[in-house]
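J.: Got a sequence here, can you build the structure:
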Amino acid sequence: MRNFLLTSTIAIAASSLCFGQAGDRKGHVMDDPIPIDTIPPSPYLDLEAALKSFKLADGFTLEPVATGDYVNKSVALSFDADGRIWSCEMTEYMNDFDATAERAPKGKIRILEDTDGDGKVDKATTFLDQLVVPRAVAVTSDGCLYTNGDALLFIKRDGIKPVGEPEVVDPKYAQGGNPEHAANALLLGIDNWYYNAKHDKRYRRINGKWIKEDTYGRGQWGLAKDNAGRIYHNHNSCYFQAEQFLPNFLHGVKGFEPKYPMSKNLGCYDTYPIHKTPGVNRGYMKGVLRLDKGPLHGTLAKPTASCGITIYRGDNFPEEYQEMGFSCEPAGDLIKAIKIKRNQHNIASGSQAFDKKEFLASNDEWFCPVSLYTAPDGTLYMVDMYFGLLQHKTYMTTYLRKQYEHRNMDRAKPSTGRIYRIRYAKNPAAKVEKLSELKGEELLSYLTHKNGHYRDTAQRLIVERQDRSVIAALSNDKVYDSKQPGYVAIHALWTLDGIDAATPAVIIKALKHKDHDVANSALEIAAKHRWTDEVLASEVSKLASTPQNIHGVVKTLVALGQSAEALKIIEKNPKLRGLNEAFVSGLGPDISTFDVSTVKSGSLVKLIAAAKKAAGPHQEKQRKLEKWAEESIKRGADIYVVKAACAGCHGLKGQGAPNMGPPLNNSEWVTGDANRLAKILLAGIQGPIMVNGQLFKAPNIMPIMPGFHQNTSISDQDYADVMNYIRNSWDNEAPSVKKDIIPAARKEVEENNFLPLNAEEEQKKAKAQAKKK
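T.: I've put the predicted structure just below:
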């Protein structure tokens, strides 16, 4: 759908089938739900007119920060220690309907400055240019981390000038796919690691060297964190997904990712645009647009382009907005606000902040909000790409192109885009503080600042400099006094950990804080270091009856060598989910030597066995494949990752992705009937779908994985190659196939008008055949 950096609804199940520009599907009747001649024009508005198009929540005002020549298709921002804006510009995105020269090296990272303090940018400096579809930027004290094409790079800097040649941090940061499916975000987590959307790796610079580790795959465009350090992500049809634990809490055993649902949807709420929104990719389908006779007639009913999220952590908005979630919805030309609460086990729930209206909405179809940030001045910054062709060519339908052409949405000005700030009108924006030249002791006061930007920046600077002069101050009892806000102790703990100065004594102080989030950070750091300290273990055990901390207690006790105590807690709470996974995570590097004879729970024994297998040395498949099959599998790997971009929704390891695509590893749909698999690739499949005993149900309007029979660039050999790759990778083993299987499968689905297979019907057929055998 009109979806800038997030997959269309039709692609929720698999990006592996997104080829070419035609998003049309057999059997879809693309009649206009609203007569196109009744849709008013959508002229490209100048700034003054655009400002009049907005409707904000009571008490707020919208102010331009950067416009005109200072910004051109900006999609992401980063703020340096002095409050300057580092703007990532993806200038070549959809310059026409066919995305001509999309990968031309013309993208930029520009530094935007407000030199007179009036809140408006008056100076722009190009830091880097000749970039290929740049999507994210993160500035450090001595350099800049950024994306360029498929790679993640780092370049040193002297002020606002790059120095030397860039260092390749990860050459395969964003493998295959298109901008909607490419890794992005570069969010600095509370634990000093950089996390990413549409990606399952995290990065950290230690002793001048960038390292990479596995993490939980997250969302599609944009990440956010709360004051406790928990990460939030989203997908195109759901505004927020909230993680229950701190990042990598359940990743203690390297190579093992438990099936426990580490994030929860906070609701795919109704949308309330303030104008008709027919320019949505599948707008012709029932339920996409409201077609009743009420005031919302013709408007988008549910989110379809949710992106660019943030958790507000500033000091300009009223107190009730603290840690409220905000998400862009460019298809509906609005910003959604969501109140977030946590239950006693830290599982989040959400509710709409406003009844049947949005925090911000515009009646300007060119309005294209893609990213949000808590800014140094305490306000909420919003990046508006101000661009008409939101939908990438990969998914665009004939219907949507007709809509775009009717209103000349492909005719943007040469330099387009705006950066705004949303301010609570009664409160002036705060003065932007400059931290880059401050010493360690001077930075300490900013770890207590109410604006999360300054806390994050002060922590980052101390850790990047490895400034150990602050150890005594950060270890002081006053820091962990419950009279202080919890976030003060949390930042102190992770700052100490970042300079390798955390100790059991400090952790014990933090465990006694009344804020349960402080204790969870302390528990995570203790588990990481695996200290064998009896006093510490005793203090950890005292929190076993605290619901908010029980998972962390189990993990930490195991890591501290107290697995027997952890097992007692699990036995007392047999119905509480996640405790087994926490136990396994606590085993960490000791997984291979752990004696399971002490464990009574059969489910925990099985989980430990699975973790041991995943953590053990990789075992090559013993069976001998013929040379043609080996060559086919090698070709199929490239098709899976690059040409077909299957990994975008199914993961590089075939593990699947939450709310996007089910796993291909250990999937009977992959290793089973090869003819059925070929038909799925050609015609697609619609869910819900059961995989290895687990039900997967996409939350979208139409949970269909489309076939790619219409894409003439995919040959019969390509089909066979990708089939052989997924049937013989990871834990999968199945007979290899030759391209001769494809014509017969194509004939079958052609006779059925290439309609997607029905998962439930196919499963019934499989059961019936099994009974006959």
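J.: So residue 72 belongs to a helix, correct?
T.: No. The assignment for residue 72, made by DSSP: H, G, I helix; E, B strand; the rest coil, is coil rather than a helix.
J.: now it: how far from residue 741?
T.: 49 Å (CB to CB, to the nearest Å). (C-beta placed from N, C-alpha, C; glycine too.)
J.: Of the two, which one has the most company?
T.: Shown here are residue 72 and residue 741; by other CB atoms under 10 Å, residue 72 has more neighbours (23 against 17).
J.: in the stretch 151-300 of the chain, what spans have low per-residue confidence?
T.: Residue ranges of the stretch 151-300 of the chain with pLDDT under 70: 176-177.
J.: would you list every one of the helices in it?
T.: Remark: no helices are assigned in the stretch 151-300 of the chain by DSSP state H, counting those that start in this stretch.
J.: Strands along that one, start to end?
T.: Ranges of strands within the stretch 151-300 of the chain are 151-158, 161-170, 184-188, 194-197, 199-206, 209-218, 224-225, 231-235, 238-243, 263-265, based on DSSP state E, counting those that start in this stretch.
J.: name the element residue 522 belongs to?
T.: helix 516-529 (DSSP states H and E).
J.: For that helix, name the packing helices and strands.
T.: With contacts defined as 3 or more CB pairs under 8 Å, 6 or more residues apart in numbering; DSSP states H and E, helix 516-529 has these neighbours: helix 486-498, helix 504-511, helix 534-541, helix 550-559.
J.: Give me the contacts around that helix.
T.: Residues outside helix 516-529 that contact it (CB atoms under 8 Å, 6 or more residues apart in numbering): 190-191, 227-229, 245-246, 249, 252, 346, 480, 486, 489-490, 493-494, 497, 502, 504, 507, 510-511, 513, 536, 540, 543, 546, 548-549, 552-553, 555-556, 558-560, 585-586, 588.
J.: swap in stretch 601-608?
T.: 258, 570, 571, 580, 581, 583, 584, 587, 591, 594, 596, 599.
J.: Lowest-scoring secondary structure element of this protein by mean pLDDT?
T.: strand 704-706 (a mean of 72; mean pLDDT, DSSP states H and E).
J.: buried stuff in the following helix or strand past it?
T.: Once the chain leaves strand 704-706, the next helix or strand it forms, by DSSP H and E, is helix 716-727. For helix 716-727, a neighbour-count test (16 or more other CB atoms under 10 Å) marks 716, 718, 719, 720, 721, 722, 723, 724, 725, 726, 727 as buried.
J.: Spatially nearest residue to the second one, not counting backbone neighbours?
T.: Of all residues beyond its chain neighbours, the one nearest residue 718 is residue 639 (5.7 Å), with distances taken as CB to CB, 6 or more residues apart in numbering.
J.: Which residues lie in contact with that neighbour in this structure?
T.: Contacts of residue 639 by CB under 8 Å, 6+ apart are 646, 718, 721, 722, 725.
J.: Looking at those residues, which is nearest residue 754?
T.: Nearest to residue 754 out of these is residue 718 (CB to CB; 17.7 Å).
J.: quick revisit: mind checking which of the contacts of stretch 601-608 are buried?
T.: Buried among those by 16+ other CB under 10 Å: 258, 570, 580, 581, 583, 584, 587, 591, 594, 599.
J.: Which helix or strand contains the third one?
T.: Translated: residue 580. Residue 580 is part of helix 579-587, with elements assigned from DSSP H and E.
J.: which strands and helices sit next to that helix?
T.: helix 550-559, helix 563-572, helix 602-615.
J.: Comparing those helices by mean pLDDT, which bottoms out?
T.: With a mean of 94, helix 602-615 has the lowest mean pLDDT of the helices and strands packed on helix 579-587.
J.: Okay, domains of the chain per the record?
T.: Domain assignment for the chain, taken from automatic domain parsing, gives 9-424, 467-615, 627-772.
J.: Nearest to residue 452, out of these?
T.: Nearest of the domains of the chain (CB to CB): domain 9-424, 3.0 Å.
J.: Check the offset of the closest one from the chain's centre.
T.: Domain 9-424 sits 10 Å away from the centroid of its parent chain (CA atoms, centre = their mean, to the nearest Å).
J.: Could you do stretch 442-450 as well?
T.: That offset, for stretch 442-450, works out to 29 Å (CA atoms, centre = their mean).
J.: Is it correct that residue 182 is in contact with residue 132?
T.: No. In this structure, residue 182 is not within contact of residue 132 by CB atoms under 8 Å, at 10.4 Å.
J.: between these two, who's got more neighbours?
T.: Taking other CB under 10 Å, residue 182 and residue 132 do not tie; residue 182 has more neighbours (25 against 17).
J.: could you list every residue that touches the more buried one?
T.: Contacts of residue 182 by CB under 8 Å, 6+ apart are 133, 135, 147, 174, 198.
J.: How many residues are close by the last one?
T.: Right, residue 198. Neighbours of residue 198 using other CB under 10 Å come to 31.
J.: got a markdown table for the contacts of stretch 601-608, with distance to residue 680 too?
T.: As requested, the contacts of stretch 601-608 are exported to a markdown table (distance: CB to CB, whole Å):
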| residue | distance to residue 680 |
| --- | --- |
| 258 | 28 |
| 570 | 40 |
| 571 | 44 |
| 580 | 34 |
| 581 | 31 |
| 583 | 38 |
| 584 | 34 |
| 587 | 38 |
| 591 | 36 |
| 594 | 40 |
| 596 | 39 |
| 599 | 40 |
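J.: Would you point out the most distant pair within these?
T.: 571 and 591 (20.7 Å).
J.: Tell me the buried residues in stretch 425-435?
T.: Those would be 429, 430, 432, 433, 435, for stretch 425-435 by 16+ other CB under 10 Å.
J.: Closest one of these to residue 673?
T.: residue 435 (61.1 Å).
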